[in-house]
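# sequence and predicted structure are below.
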Amino acid sequence: MRYRSIGGLDDSFPKITNRLKILLLIKQVKQTRKFWRNIDLFSLRLRLTAGIAAFSALVLGTLAVWTSWQMQQILIDGHKYNIERITRRLPQDIKIYSEMMQPETGLQKAINNLENTNTNTFSWLKKPNHQILIVSHNLNLLPKDTVSELISLTKMSIKPQVYQINQSYFILGSCDLQVQGKLLGKLFIAEDITREQTMFVTMVNNLRIASTLSIILITVVILFYIKRSLQPLYQINYMASVISVEDLGSVQLYLDHAPSEVKELAQTLNMLLSRLSKSWEQERQLVSNISHELRTPLTIIHGYLQSILRRKSNLTEIQQEALETAASEAERTIHLLQDLLDLARADSGYLHFQMQPIVLNDLVEEVVVMARKYSDRQITIESVAYPIEVRADYNRLKQVLLNLINNAVNYSESDTQIVLKLNQMHEKIIIQVCDQGYGIPLQHQARIFERFYRVDESRSHMTGGYGLGLSIVKTFVESMGGSVSVESKLGEGSIFTITLLA
């Protein structure tokens, strides 16, 4: 049986592997950037964690340094003191022995006594010409390379210090030796502290690792503890963020298991919400009263103006133009007051809707006929079925559609088409008003349903808008159990979508 290799597979496999590695690296970089973007450097949680972690690191670092110093005192400095004591005492012993016997014999005797007393202590005498005169017998027990390096040392500090020779550690001290007024050379004293030094280094490293792990553990514990401690503040923030204007009079912020300071903050916010509710209610009542009181005299004035204009044979051209302007402005003001009154009634819950089943196709046809008369625009209807029945208030829904068509007329060119699309999806009725106008910038789309909010101030003044039309649309649609949204692109137009229940 013969096997045939697939051509190119072996060559392409490393390329695919490298490509996967690059993609994985890019993904890791993106995740790292996302992680750092999500960190708020000015958050209270991060500040408390960093502060307590820094304080813990300072305390543990200080404790580690003090412990290391204490261990050095116990393990190392005692041997230094012993070497320093020997370098002071040994010349005196050599002097005493030299008076009773030959100097070389007395020197050997003193060194032998030191060797018998301290087995880990080594000594040797080096003449001024660096020739070794005498060494202790136990020095021969050390490795030859270690002995040669020890004896080769000529310069060292006055006080005993730790030296590393190969893998061993020694404390070395030296002093000048004079016998009978004659300088014999320099006496070197060494003590092997390899075991103690290794123990000291190991303990210091373990202490450093333990301190680092303790700081990390404390930081993690503090991070979660602070997060849990700040949870009541997060809850208050969330509850405050979802409070709407309608909830101001009834909502209360309360936390069961929260610190006293947080409960006091919640009580203060509750009092603030109560004051805001009263202020909002007074404002709505004021708007409602003003709208109601002004609408009647303005309606009378508008009626008189229309009556005078009907007998215009006695009027000059200038008088007729002035009266027409006054009548137009009076009519606009009456519509504005009516909108304000409707919004005030909706806010207070006094705006009643007569919900009943209606044929949407007939209502839209009636609205389009009315809109064509006052706008002289091409308005078409696209419907997927007939009849489409919807449960709504006939007059309110008519006003909603007229407002949307009027908005499309004002914010699109006169030669463009306006389309009303009707569709039914299961239990939902969808109405779309589409235009090919100027479009709405993305940053304004979330606010166009707010009261008195206008995207283009200059065009709103030209078209006579006050920024209440879309607010009326949203209020009426939501009061009928539906929703309204907008999709728009600059230079391509806008699509307002109304969703109602069948």
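Cool, the structure landed. Predicted model, so just to flag it, every value in this text is computed and none were measured.
# please, where are all the helices along the stretch 251-400 of the chain?
Defined through DSSP state H, counting those that start in this stretch, the helices belonging to the stretch 251-400 of the chain, from first to last, are 260-310, 317-348, 360-375, 394-410.
# who are the packing partners of the longest one?
Going back to what we said before, that points to helix 260-310. Contacts of helix 260-310 with other secondary structure elements, assessed using 3 or more Cβ pairs under 8 Å, 6 or more residues apart in numbering; DSSP states H and E, are made with helix 231-241, helix 317-348. The C-beta positions use only the backbone N, C-alpha and C, and glycine is treated the same way.
# again, but for the second one
For helix 317-348, the packing partners by 3+ Cβ pairs under 8 Å, 6+ apart come out as helix 260-310, helix 469-479.
# immediately after the shortest one, which helix or strand?
Using DSSP states H and E, the helix or strand that follows helix 469-479 in sequence is strand 483-489.
# any idea how far residue 271 lies from residue 253?
Distance of residue 271 to residue 253, computed by Cβ to Cβ, to the nearest Å: 10 Å.
# higher neighbour count, those two?
For residue 271 and residue 253, the more surrounded residue by other Cβ atoms under 10 Å is residue 253, and the numbers stand at 18 against 9.
# for that one, what are phi and psi?
Backbone torsions for residue 253, taken as degrees, to the nearest 10, come to phi -90, psi 120.
# that one contacts residue 266, correct?
Yes - using Cβ atoms under 8 Å as the test, residue 253 is close enough to residue 266 to be in contact (4.4 Å).
# which residues are in contact with each of the two?
With contacts taken as Cβ atoms under 8 Å, 6 or more residues apart in numbering, the residues that reach both residue 253 and residue 266 are residue 236.
# buried residues in stretch 407-427?
407-412, 418-422, 424 (16 or more other Cβ atoms under 10 Å).
# pick out the most distant pair among these.
Set against one another by Cβ to Cβ, these have their most distant pair in 410 and 424, with a gap of 29.3 Å.
# out of the helices and strands packed on helix 260-310, nearest to residue 65?
Of all the helices and strands packed on helix 260-310, helix 231-241 comes closest under Cβ to Cβ, at 37.3 Å.
# redo the helices and strands packed on helix 317-348 as TSV? Include distance to residue 110 and mean pLDDT.
Formatted as TSV, those follow (distance: least, Cβ to Cβ, whole Å; pLDDT from 0 to 100):
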stretch	distance to residue 110	mean pLDDT
helix 260-310	77	77
helix 469-479	108	86
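# residues near residue 222, how many?
For residue 222, the neighbour count with other Cβ under 10 Å is 19.
# got it, and residue 273?
Here the neighbour count serves as a burial measure; for residue 273 (other Cβ under 10 Å) it reads 19.
# hmm, residue 251 and it touching each other?
Yes - with contacts defined as Cβ under 8 Å, residue 273 counts as touching residue 251 at a distance of 6.4 Å.
# neighbouring strands - and their directions - for the one helix or strand residue 134 maps to?
The secondary structure element spanning residue 134 is strand 132-135 (assigned by DSSP H and E). Each strand paired with strand 132-135, and its direction, by DSSP bridges: strand 121-126 (antiparallel).
# could I get the strand it pairs with in CSV with only the CA atoms?
In CSV, the C-alpha atoms belonging to strand 121-126 read as follows (Å, rounded to 0.1, in the frame of the first residue of the first chain):
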residue,chain,number,x,y,z
THR,A,121,38.1,29.5,64.4
PHE,A,122,41.2,29.5,62.1
SER,A,123,44.3,31.7,62.5
TRP,A,124,47.5,32.3,60.6
LEU,A,125,50.4,34.7,60.8
LYS,A,126,51.7,36.5,57.8
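# isn't residue 71 up against residue 201?
No - between residue 71 and residue 201 there is no contact, the gap being 10.2 Å when judged by Cβ under 8 Å.
# higher neighbour count, these two?
Just comparing residue 71 and residue 201: by other Cβ under 10 Å the higher neighbour count belongs to residue 71, 17 against 11.
# confirm residue 467 sits in a strand?
No - assessed with DSSP: H, G, I helix; E, B strand; the rest coil, residue 467 is coil; it does not lie in a strand.
# ok, it - contacts?
Each residue near residue 467 by Cβ under 8 Å, 6+ apart is listed here: 450-454, 460.
# could you rerun that using 7 Å?
In this structure, residue 467 makes contact with 451-454, 460, judged by Cβ atoms under 7 Å, 6 or more residues apart in numbering.
# quick one: which of those residues is most hemmed in?
So for the contacts of residue 467 (other Cβ under 10 Å), the most neighbours sit at residue 454, 19 neighbours.
# state the pLDDT value of it.
Per-residue confidence for residue 454 comes out at a pLDDT of 70.
# flag the shaky bits of the stretch 1-150 of the chain, pLDDT-wise.
In the prediction, the stretch 1-150 of the chain carries residues with pLDDT under 70 at positions 1-21, 23-24, 27-41, 103-104.
# going along the chain, name the helices of it.
Secondary structure of the stretch 1-150 of the chain, counting by DSSP H, counting those that start in this stretch: helices at 9-37, 44-72, 78-100, 103-117, 144-152.
# got the contact list for the strand holding residue 134?
In this structure, residues lying in contact with strand 132-135 by Cβ under 7 Å, 6+ apart are 107-108, 111, 124-127, 151, 184-185.
# next: stretch 483-495.
Contacting residues not belonging to stretch 483-495 are listed as 412, 432, 434-437, 439-441, 445, 448, 473-474, 477, 496-499 [Cβ under 7 Å, 6+ apart].
# ok, of these, which come out buried?
Buried residues within the contacts of stretch 483-495, defined by neighbour count using 16+ other Cβ under 10 Å: 412, 432, 434-437, 439-440, 445, 448, 473-474, 477, 496-499.
# inside strands: which ones of the residues you listed?
When DSSP state E is applied, the buried ones among the contacts of stretch 483-495 are split such that 432, 434, 496-499 fall in strands.
# which of the helices of the stretch 1-150 of the chain sits closest to residue 316?
Proximity of those to residue 316 was assessed by Cβ to Cβ; the nearest stretch is helix 9-37, lying at 70.6 Å.
# contacting residues for the closest residue to residue 169 other than its chain neighbours?
Distance criterion Cβ to Cβ, 6 or more residues apart in numbering; nearest residue to residue 169, sequence neighbours excluded, is residue 197 at 3.8 Å. Residue 197 makes contacts with 76, 162, 169, as judged by Cβ under 7 Å, 6+ apart.
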